[in-house]
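Peer 1: Just to be clear, the model below is a prediction. Sequence and coordinates:
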Amino acid sequence: MPLAFLIPVFSFAACPLIILFQRWLPLRGAPLAILAIAGGFVVWILATVGFLAASADHPACDVSPITHALTCHFTTTWFDAGVPSEIITDSIHLNWGMLIDPLTIVLLGLITFVALGVQLYSLEYMKGDPRFGWYYAWQALFVAAMLTLALADNFLLLYIAWELVGLCSYLLIGFWFENPGPREAAKKAFVVTRIGDVGLLVGILLLWVNVGSFSMTEAFAAAASGQLSDGVITASAILLLLGAMGKSAQFPFHVWLPDAMEGPTPVSALIHAATMVIAGVYLVARAYPIFAASPEALMVVASIGLVTALGAATIALVSTDLKRILAYSTVSHLGLMMLSLGALGWTAAVFHLMAHGFAKALLFLGAGSVMHGVGAHGDVDIRRVGGLRRAMPLTAAAFSIGALSLGGIPILSGFWSKDEILLAVSHNLPVIFIVLTMLTVFLSALYMARAMFVVFFGTQGEDSHHAHESPILMTGVLSILAVLAIGFGWIAFNWPGAFDGFGTFVFYDHAEGFHFNVVLGVLSILLAVGAFALAWLVYVRRTLSIQSWRARFAPVLRVVENRYYVDETYQWVIDRVVLTVSAALAFFDRAVVNDVGINGPADVVRKAGIALRLHVTGHVYTYALVVALGVIALAIFWWLRSV
Amino acid sequence: MVPLLYFQLLGAALFGIGLYGALARRSAVLIILSIELMLNAVNINLIAAASYLNGIGRFAAFDGQIIAIFVITVAAAEVGLAFAIILRMYRNRGTINVDEINILKW
């Protein structure tokens, strides 16, 4: 377990090696990245075995007084900085450190596993790309940064990893930077998440000023013991949430994620399932002692989560691009996770994070397989493909499993995790929340059903005549993920003699058994099955027509199809507010700072110089004359003094 | 014995002529000649003063003459250097008229 730091280190090492030696390595160094992440996966297994065997007797492990979960802490001094002052009574100790608790363990497992799958899949998907080596170098760095983020025991290390994740997402989304689309999407992702990152940085610094340390355990202990004032706790929680909203694409920072599908599809799978977007949810889950100490902050988390989940679900329902539907579905499900965190459903949120991660990786890789199959690079308009079930049976089966799982069809993993969230919401939040969450669940099943039925069932579309099944490597990865999308949810149960259930391993404050509320369960089954049945009638059997509905709700539809004009609002704010203020500032800079403050003194000196230089004629006799006159003047002066 | 004042007047007159020449001449060669004139005026002053003041007060024998010999030596070396510079000047710019040589400014 002390060697868990190797998990990210392998991939960190792979990145520069690939960049430097890709020309001489087989397959441009791709096997190096895959070996690195596979090594990380093996170390993760060993660390997990070690963690499960460890108890509070282990010298580095202890049962945390806040989360009441077994927490192992390995740390080593990095450097000490600064001199003691009035605010900080001690110099700043910076550490490299790992905090290993059940949350870290499950997250590391998700990241290494999905990244391994994505990198294997990319061998086929990215074959022949001119920058194949660079792709794998950035992949390795991306995964390494995300793993560091999950392991970090202090906020500073977390922030470094956080920014590295942002950088790698920029590099990978803009991987095909020759085209304007990926270029703009990469910039958008970087800038929008950066807005949230500023909040995160300020929040970390606020905690540091008040706690006197970057250490997470110390900050959480201070928050739980009441050492911090309520105002500080709420403020830092909201600021941390800002960072999480940026990375996890919560309203109003969700705009970058749907555009991020401009990158290669495996990258989208990685971003949506295992890295980047789950960083925000992870941050809130990790810093939960701070959030839990502030009911206001929890309410904000829940509200933002609900707004995001519902809004994104409606947009996903009317989108026509396959990857865009999946992207908005991610936004919606991230909203559900936030909602669950806000509703004290910590375990449910982490569980849904895992279940959604496997299902969404499966769906995106399936979408990539579809694009590979129909020969599209870029958008797959679901109105132009259809009936791919016959040409791509394996992909169709895998995608359908992912869709059914996310749609919440029973016994698939998404059903169990979604049910836990519903339970937490119905217990701890006002009744309006559970009603809207139910609506979200229904919409979520509906849009997944729509995507699945239109693309793989129904009549053949015009783009799908030449479709063919993808290579074995791609379908193999899909199959493994499909198994997980089906069966992962089963670890929530109490398996007598083997395992007591997810809630007894990953929990906050107290271990939770598996709950199942019959009313909520039946209701959500009815909603999910109803949604799939409805979609089947509309898109496959075509016995129901939605044309009249579309006409009746045309104005609403237009608003939703334009994604609630959030992008336009951003554009308006940038054009009218930001640029106007910038223009005023630029004018001030030019007219006052530059012309008066800088060129003013320079002009005075220059004019004085022009006036004064006239005596310099360059003629040697002028200088000699001045010397002679000077000597005569000195002589007269001396003579007058001596008299 | 010729009074000291006569020598001093001769030296002052020679120095004045030399100074005028150095300032007013346009030819670099003539400026050098004028400088030589000023140096020799100083030499006359030195030698005259030395022979009149020999043995008086703090002055030792031949002090003035020794300095004069130094001046002559330095003047010879300086002329060698100066004419070398003037020669280069002529080669480079085709003239030794100092009116046209005014690059030593801003």
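Peer 2: Yep, that arrived.
Peer 1: Residue A:68 should be in a helix, yeah?
Peer 2: No: applying DSSP: H, G, I helix; E, B strand; the rest coil, one finds residue A:68 to be coil, outside a helix.
Peer 1: any idea how far chain B is from the closest residue in space to it that isn't next to it in sequence?
Peer 2: Using Cβ to Cβ, 6 or more residues apart in numbering or on different chains and skipping the chain neighbours, the partner closest in space to residue A:68 is residue A:509 (5.8 Å). Quick note: C-beta positions are derived from backbone N, CA and C, even for glycine. Between residue A:509 and chain B the computed distance is 81 Å (Cβ to the nearest Cβ, to the nearest Å).
Peer 1: Show the contacting residues for residue A:509.
Peer 2: Residue A:509 makes contact with A:66, A:67, A:68, A:292, A:346, according to Cβ atoms under 8 Å, 6 or more residues apart in numbering or on different chains.
Peer 1: so the fourth one sits right up against residue A:298, yeah?
Peer 2: Okay, so that is residue A:292. Yes: contact criterion Cβ atoms under 8 Å: residue A:292 and residue A:298 qualify, at 7.1 Å.
Peer 1: Then the residue nearest to residue A:68 would be within a strand, right?
Peer 2: No: checked against three-state DSSP, residue A:509 lies outside a strand; its state is coil.
Peer 1: gap between residue A:541 and residue B:92?
Peer 2: Residue A:541 sits at a distance of 101 Å from residue B:92 (criterion: Cβ to Cβ, to the nearest Å).
Peer 1: secondary structure class for the residue positioned nearest the centre of chain B?
Peer 2: Ranked by distance to the mean C-alpha position of chain B (Cα atoms, centre = their mean), the top residue is residue B:39 at 2.3 Å. When the structure is reduced to helix, strand and coil (three-state DSSP), residue B:39 reads as helix.
Peer 1: Go through stretch B:90-100 and flag the buried ones.
Peer 2: Within stretch B:90-100, the residues that qualify as buried by neighbour count (16 or more other Cβ atoms under 10 Å in any protein chain shown) are B:96, B:98.
Peer 1: how about it, does it reach chain A?
Peer 2: Yes: counting by Cβ under 8 Å from any Cβ of the partner chain, chain A is contacted by stretch B:90-100 at B:98, B:99.
Peer 1: And that stretch, how far out from the chain middle?
Peer 2: 23 Å (Cα atoms, centre = their mean, to the nearest Å).
Peer 1: Give me the distance between the two termini of it.
Peer 2: Between the start and the finish of stretch B:90-100 there is a gap of 11 Å, counting by Cα to Cα, to the nearest Å.
Peer 1: So which elements touch the strand or helix carrying residue A:199?
Peer 2: In the assignment (DSSP states H and E), residue A:199 maps to helix A:180-211. Under the contact definition 3 or more Cβ pairs under 8 Å, 6 or more residues apart in numbering or on different chains; DSSP states H and E, helix A:180-211 sits against helix A:155-173, helix A:216-225, helix A:230-247, helix A:256-259.
Peer 1: Could you say which one of these comes nearest to chain B?
Peer 2: helix A:155-173 (51.4 Å; Cβ to the nearest Cβ).
Peer 1: buried sites along the closest one?
Peer 2: So, applying 16+ other Cβ under 10 Å, buried residues of helix A:155-173: A:155-159, A:161-166, A:168-173.
Peer 1: Residue A:178 falls within a helix, correct?
Peer 2: No: secondary structure assignment (three-state DSSP) places residue A:178 in coil, not in a helix.
Peer 1: What count of nearby residues applies to it?
Peer 2: The criterion is other Cβ atoms under 10 Å in any protein chain shown. On that basis, residue A:178 has 9 neighbouring residues.
Peer 1: And it, how close does it get to chain B?
Peer 2: Here residue A:178 is placed at a distance of 53 Å from chain B (Cβ to the nearest Cβ).
Peer 1: next one: residue A:69
Peer 2: Residue A:69 sits 79 Å away from chain B, going by Cβ to the nearest Cβ.
Peer 1: Wait, that residue touches residue A:62, no?
Peer 2: No: using Cβ under 8 Å, residue A:69 makes no contact with residue A:62, being 10.2 Å away.
Peer 1: Return the set of buried residues in stretch A:99-114.
Peer 2: In terms of neighbour count (16+ other Cβ under 10 Å), stretch A:99-114 has its buried residues at A:99-114.
Peer 1: quick revisit: tabulate the helices and strands packed on helix A:180-211 (a markdown table), appending distance to residue A:342 and mean pLDDT.
Peer 2: Formatted as a markdown table, these follow (distance: least, Cβ to Cβ, whole Å; pLDDT from 0 to 100):
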| stretch | distance to residue A:342 | mean pLDDT |
| --- | --- | --- |
| helix A:155-173 | 21 | 91 |
| helix A:216-225 | 17 | 84 |
| helix A:230-247 | 10 | 90 |
| helix A:256-259 | 20 | 86 |
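Peer 1: Any chance of those helices in JSON lines with distance to chain B as columns?
Peer 2: As requested, the helices and strands packed on helix A:180-211 are arranged in JSON lines below (distance: least, Cβ to the nearest Cβ, whole Å):
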{"stretch": "helix A:155-173", "distance to chain B": "51"}
{"stretch": "helix A:216-225", "distance to chain B": "65"}
{"stretch": "helix A:230-247", "distance to chain B": "58"}
{"stretch": "helix A:256-259", "distance to chain B": "58"}
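Peer 1: I'd like those written out as JSON lines, with distance to residue A:537 added.
Peer 2: What follows is the helices and strands packed on helix A:180-211, written out as JSON lines (distance: least, Cβ to Cβ, whole Å):
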{"stretch": "helix A:155-173", "distance to residue A:537": "37"}
{"stretch": "helix A:216-225", "distance to residue A:537": "51"}
{"stretch": "helix A:230-247", "distance to residue A:537": "38"}
{"stretch": "helix A:256-259", "distance to residue A:537": "28"}
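Peer 1: Which of the ones you listed sits closest to residue A:394?
Peer 2: helix A:155-173 (26.4 Å; Cβ to Cβ).
Peer 1: for the closest one, packing partners?
Peer 2: Here helix A:155-173 touches strand A:92-100, helix A:132-151, helix A:180-211, helix A:216-225, helix A:230-247, helix A:265-273, helix A:277-286, going by 3+ Cβ pairs under 8 Å, 6+ apart.
Peer 1: what's the most buried one of those?
Peer 2: A comparison of those by mean neighbour count, using mean count of other Cβ atoms under 10 Å in any protein chain shown, puts helix A:265-273 on top with a mean of 30.
Peer 1: how much distance is there from it to the middle of the chain?
Peer 2: If you compare the mean C-alpha spot of helix A:265-273 with that of the full chain, they lie 11 Å apart, counting by Cα atoms, centre = their mean.
Peer 1: Can you check what angle separates that helix from helix A:132-151?
Peer 2: Angle of helix A:265-273 versus helix A:132-151, following axes from the mean of the first three to the mean of the last three Cα atoms, to 10 degrees, is 10 degrees.
Peer 1: Tell me the buried residues in whichever strand or helix holds residue A:633?
Peer 2: For residue A:633, the element it lies in under DSSP H and E is helix A:620-642. Of the residues in helix A:620-642, A:620, A:621, A:622, A:624 count as buried by neighbour count, 16+ other Cβ under 10 Å.
Peer 1: distance of the third one from residue A:609?
Peer 2: Note on residue A:622: its distance to residue A:609, by Cβ to Cβ, is 19 Å.
Peer 1: do the same with residue B:38
Peer 2: Relative to residue A:609, residue B:38 is positioned 35 Å away (Cβ to Cβ).
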